[in-house]
Structures are given as C-alpha cells and as structure tokens.
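[1] please find the sequence and the predicted model below.
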Amino acid sequence: MSWVNAVLQGVLLGGLYALFACGLSLMFGVMRIVNLAHGDFAVLAAFGAYTVMTVLGVNVGVAALIVVPLFAAVGYLIQRGLLQRSLSAGPYMIFIVVIGGVGSLEGPLLGTVVFFALQQLLADYGAWYLALLGAVAIAAAVWAPRGLWGLVTRSSGWHLFPVGYVVAPSRDR
C-alpha cells in the first residue's frame, strides 16, 4: 500500500507544479511580468481576514467582503504604481538588476554604474553593443547569480547599507 501512497503523492505534487506553471505563464502572458508576490498577498489577506474576524467579531463571509476588495485595490495600485513603471523602463532596468544583484540597495547602484560604464565603452560598436550587453548579462547570471554585489558581500562581508537581517539561534539554550 505504500507504493500507492507514493504514486498518489507524486501525482498530486506534479499537479501542483503544473498549476504553478500555468499560473506563472498566464501572469507573464497577460501582464508581461513574473510577479511572485501574489502568494504573499494571499497570505497577508488571510491574516487581514483573521484580524477582521477577531476585532469585529464577524464571520468569514463578512470578513471576506471587507478584505477581498481592499486587497484587490492594493494589488491594483501596486501593479499600476510599481510594476507598470518597471515595465516601461525597458530591458535596461532588468540588465542593471541582473548585473548588480537583487536583495540589497547596493546591487542596483553597482549595476547602474556598470551599465553606464559599459554603455560608454561599447558605444562605438553599433548594433554589437546590445549583443555584448546580452553576453555580459548571461555571464553574470551564470557565474554570479546574486550579482556583482553578491560577490562583494560573499568575499568580503562588506555592506554599504546594512539593512538586512540575520536569523540566528537563540542563546538561551
């Protein structure tokens, strides 16, 4: 009976992955951006519904009537205010983030410096300029997946703007 359980779990997990892939391809096809924060908004909305239920003492249906339109408006504002602006910035913005690195303030700053330096160095190459930028982006994505700033922090531990956090074990034990 354990093999039946393993097959069933495999089919269910494969279906879940297929559902994720369909959702991501639909988002990319419609919005032209891969936004992985939809799940975060759903969890935040669930906490919001729980808070509405406990504070106001209402049932789930009433909490959903309050929270769903609120989070739909928040999602719309984030799409219009942030994501559409980044799409209108074009591929150069993506290049800057890939080169510099994601997850820090320093990465995009370094990526901007590298982008403008490469733009000045490669300006005389005409149409080859974009091909060379693409080759640099591919090389950075392969050999420095966290960007150039990720290489700097990994090798030196240096942070220009230390705004991150570190999860450390408790010292009580």
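    Noted; the coordinates are in hand. Numbers count the residues shown, from 1 in each chain.

[2] what's the following helix or strand after the worst-scoring helix or strand of the chain on mean pLDDT?
    Within the chain, no helix or strand scores below helix 84-88, which has a mean of 68 by mean pLDDT, DSSP states H and E. As assigned by DSSP states H and E, the chain's next helix or strand after helix 84-88 is helix 91-100.

[3] now that next one: buried residues?
    Residues of helix 91-100 classed as buried: Met93, Phe95, Ile96, Val97, Val98, Ile99, Gly100 (neighbour count, 16 or more other C-beta atoms under 10 Å). For the C-beta atoms, the positions are set from N, CA and C on the backbone; glycine is no exception.

[4] tell me, how many residues neighbour Leu65?
    13 (other C-beta atoms under 10 Å).

[5] need the pLDDT of it.
    Looking at Leu65, its pLDDT reads 94.

[6] any idea which helix or strand carries it?
    Going by DSSP H and E, Leu65 is part of helix 60-78.

[7] could you check that helix and say which residues are buried?
    Here helix 60-78 shows Ala63, Ile66, Val67, Phe71, Gly75 as buried, counting by 16+ other C-beta under 10 Å.

[8] tell me the secondary structure at the residue lying closest to the last one once chain neighbours are set aside.
    Closest residue in space to Gly75, ignoring its immediate chain neighbours: Phe41 at 6.0 Å, by C-beta to C-beta, 6 or more residues apart in numbering. Here Phe41 takes the helix state, with states given by DSSP: H, G, I helix; E, B strand; the rest coil.

[9] could you export the buried residues of helix 91-100 as TSV, including pLDDT and distance to Leu122?
    What follows is the buried residues of helix 91-100, written out as TSV (pLDDT from 0 to 100; distance: C-beta to C-beta, whole Å):
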residue	pLDDT	distance to Leu122
Met93	78	18
Phe95	80	12
Ile96	82	15
Val97	80	19
Val98	80	17
Ile99	83	14
Gly100	83	18
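
[10] Asn59: which of those residues is nearest?
    Val97 (43.9 Å; C-beta to C-beta).

[11] who are the contact partners of that closest one?
    By C-beta atoms under 8 Å, 6 or more residues apart in numbering, the contact list for Val97 reads Gly107, Pro108, Gly111, Gly147.

[12] thanks a lot, catch you later.
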